[in-house]
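Participant: Pasted the sequence and its predicted model underneath.
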Amino acid sequence: MKKALTVAGFDPSGGAGLQADLKVFQALGVYGLSAVAALTAQNTQGVSAVQAVASGFLKKQLDVLLSDIVPEAAKIGMLLSSRNVRAVSSIIQKYGLKNVVLDPVFISSSGKRLAEKEVPWNISKRLLPLCRVITPNISEAEALSGIRIDDPVSMRTAAEVLKDLGPEVVIITGGHSEGEPVDLCYDGKFHLLKGRRVRGEFHGTGCTFSSAVAAHLALGSTPLEAAKKAKLFMSKAFSKAVDAGHGMKVFDI
Ligand code: PLP
């Protein structure tokens, strides 16, 4: 059985963060491991409060886990604090984790800050060099690259800048832009991954996509294959989204 680890935030609504990631791993036939980096109080209408797990305790969770089980892939999501960025960076190096997928999380769809101010800088310096794949959306790619993205050319430039910071493959997800959603995958060559716009607001799209990429890497796909399979998985997830609460839809996968 292949195993994938998620290091992310705790979402009581089950639509994003650790809970969403574990559901994706399960759906794709990968055994899920998890370590919690941040707690949130939220529902489908928005995030009300956040609290970082102490970085020493995050490290403890990972040390105890990884000294026993080595995952074939790891997904990193909401870390909230710069201390947690440093903790995860040192753990990845200590255990030589492979197939690390980073989904940077800075702000929720509902507008709540999910990262301290210096987190993007710390991620650029300390985590990007250790990642195989990163999956920022447009605003996260802007925060990490320092490049304003307002057309396909600037999107490509940002992808090149981000790849130069270390990851083998950069996937800038275009779901939050106008028009048909096109993800840009850059592995030294540019690939456009087209999707169909689905009506409605959805909670946890970034988490669901990135954990599907990690699961497929764990199963042996190349990053480009994993990205294509994760897109297909997303289109199934969109078709199965439900109104669990009174706000955004969540994926019932
Ligand atoms: N809560 C947690 C724990 C998350 O990891 C994320 C996003 O990654 C969110 C909330 C925000 O999710 P969304 O912007 O899809 O509502």
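Facilitator: Arrived safely, thanks for sending. Numbers count the residues shown, from 1 in each chain.

Participant: who in the stretch 1-150 of the chain is up against the ligand?
Facilitator: Listed as neighbours of the ligand in the stretch 1-150 of the chain under the rule Cβ under 6 Å from any ligand atom: 8-9, 11, 16-17, 40, 42, 47, 77-78, 105, 108-109. For glycine as for every other residue, the C-beta is placed from the backbone atoms N, C-alpha and C.

Participant: Dump those residues to a markdown table, plus distance to residue 144, neighbour count and secondary structure.
Facilitator: Supplementary listing: those in a markdown table, determined by distance: Cβ to Cβ, whole Å; neighbours: other Cβ atoms under 10 Å; DSSP: H, G, I helix; E, B strand; the rest coil:
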| residue | distance to residue 144 | neighbour count | secondary structure |
| --- | --- | --- | --- |
| 8 | 18 | 29 | strand |
| 9 | 18 | 28 | strand |
| 11 | 23 | 27 | coil |
| 16 | 20 | 32 | coil |
| 17 | 20 | 29 | helix |
| 40 | 22 | 21 | strand |
| 42 | 24 | 25 | strand |
| 47 | 21 | 22 | strand |
| 77 | 15 | 28 | coil |
| 78 | 15 | 29 | coil |
| 105 | 12 | 27 | coil |
| 108 | 17 | 20 | coil |
| 109 | 18 | 18 | coil |
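
Participant: what about the helix or strand where residue 229 lies, near the ligand?
Facilitator: Counting by DSSP states H and E, the element that carries residue 229 is helix 223-239. No: counting by Cβ under 6 Å from any ligand atom, the ligand is not contacted by helix 223-239; separation bottoms out at 12.3 Å.

Participant: Skip ahead from that helix and say which helix or strand is next.
Facilitator: Next in sequence after helix 223-239, counting helices and strands by DSSP H and E, comes strand 241-242.

Participant: For the residues of the stretch 1-150 of the chain next to the ligand, give me JSON lines that also has pLDDT and distance to residue 238.
Facilitator: Compiled in JSON lines, these are given as follows (pLDDT from 0 to 100; distance: Cβ to Cβ, whole Å):
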{"residue": "8", "pLDDT": "98", "distance to residue 238": "21"}
{"residue": "9", "pLDDT": "98", "distance to residue 238": "22"}
{"residue": "11", "pLDDT": "98", "distance to residue 238": "19"}
{"residue": "16", "pLDDT": "97", "distance to residue 238": "15"}
{"residue": "17", "pLDDT": "97", "distance to residue 238": "19"}
{"residue": "40", "pLDDT": "98", "distance to residue 238": "23"}
{"residue": "42", "pLDDT": "96", "distance to residue 238": "21"}
{"residue": "47", "pLDDT": "96", "distance to residue 238": "22"}
{"residue": "77", "pLDDT": "98", "distance to residue 238": "20"}
{"residue": "78", "pLDDT": "98", "distance to residue 238": "22"}
{"residue": "105", "pLDDT": "97", "distance to residue 238": "20"}
{"residue": "108", "pLDDT": "91", "distance to residue 238": "19"}
{"residue": "109", "pLDDT": "85", "distance to residue 238": "15"}
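
Participant: Taking these together, which two end up most distant?
Facilitator: With distances taken as Cβ to Cβ, the most widely separated pair in those is 8 and 109, at 15.9 Å.

Participant: By proximity to the ligand, which residue of the stretch 151-253 of the chain wins?
Facilitator: Of all residues in the stretch 151-253 of the chain, the one sitting closest to the ligand is residue 203 (4.2 Å; Cβ to the nearest ligand atom).
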